[in-house]
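*Asks:* this one's structure only:
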């Protein structure tokens with residue numbers, strides 16, 4: 001496998017929770033929790049990509065590395081692609097992992113799980129999902145589902161991503177986890193593509209890759225990390241990580 005670089009996009013201008021990268025959780029800013037979990041995966045270097053000087057300063061104070069990016073990126077993928085040029089201008093990293101900066105409970109092992117599908121040269125992008133166990137999540141549009149054909153007991157080849165309850169019929173439904181491992185060339189191709197029709201309809205960026213014929217494989221993991229997008233989710237993260245200390 002190629003060298004791995006983990007990039008964590010972090011912006012301060014969240015609509016529902018402004019300033020969330022620096023939100024205190026159990027005595028540490030959220031971005032530091034995410035950075036340390038990515039480092040604990042021990043698969044490659046970790047760099048935070050941000051448009052905020054305070055976030056960059058916080059990361060550096062905590063012993064991490066941060067690079068500055070433009071403020072006008074429309075997605076985390078665009079932000080990490082810009083950061084990649086600064087963080088690795090020599091092109092040493094062949095695999096780029098995009099770890100969202102609002103996943104403070106991420107299991108470090110899940111980072112390695114997302115990379116594993118790239119052992120198959122036919123795969124462009126690796127990502128994660130977990131079996132939905134709560135009935136209320138099945139038809140919740142905020143819970144993105146991945147529809148895929150099983151390759152093994154712990155891996156799918158993605159056919160579609162949707163906010164609807166799918167597929168129909170008996171069998172598991174899978175909650176997609178928005179952590180991605182890209183081949184470097186696949187990331188460059190992806191960010192150069194225009195938004196696709198299904199991407200715009202579902203508001204799901206990963207559909208752009210599928211519509212362009214790129215292959216995404218999905219590793220099945222045990223649980224979904226808490227994504228922090230609202231004050232309520234921030235309080236939940238504080239409860240979880242406060243008890244873990």
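*Replies:* Structure's in. What do you need? Keep in mind that this is a model prediction, so the values were computed, not measured.
*Asks:* in what helix or strand does the most centrally placed residue in the chain lie?
*Replies:* For the chain, the residue sitting closest to the mean C-alpha position, by CA atoms, centre = their mean, is residue 179 at 2.4 Å. For residue 179, the host element (DSSP states H and E) is strand 174-183.
*Asks:* chain center to that strand, what's the gap?
*Replies:* 6 Å (CA atoms, centre = their mean, to the nearest Å).
*Asks:* just checking, next helix/strand downstream of it?
*Replies:* helix 184-192.
*Asks:* which residues of this protein fall in helices?
*Replies:* Taking DSSP state H as the criterion, the chain contains helices spanning 30-40, 53-61, 76-87, 108-115, 184-192, 197-202, 206-211, 231-244.
*Asks:* reformat these as TSV; add mean pLDDT, mean neighbour count and distance to residue 126.
*Replies:* Every C-beta, even on glycine, is put in place using the N, C-alpha and C of the backbone. As requested, these are exported to TSV (pLDDT from 0 to 100; neighbours: other CB atoms under 10 Å; distance: least, CB to CB, whole Å):
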stretch	mean pLDDT	mean neighbour count	distance to residue 126
helix 30-40	97	23	15
helix 53-61	97	17	25
helix 76-87	92	21	14
helix 108-115	97	21	5
helix 184-192	97	17	10
helix 197-202	97	14	19
helix 206-211	98	21	12
helix 231-244	90	14	25
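*Asks:* out of the ones you listed, nearest to residue 67?
*Replies:* Within these, the stretch nearest residue 67 is helix 76-87; the backing value is 4.5 Å (CB to CB).
*Asks:* got the contact list for the closest one?
*Replies:* Applying CB atoms under 8 Å, 6 or more residues apart in numbering, the external contacts of helix 76-87 come out as 5, 7, 9, 11, 45, 47, 49, 51, 65, 67-70, 73, 93, 96, 98, 100, 180, 184, 187-188, 190-191, 205.
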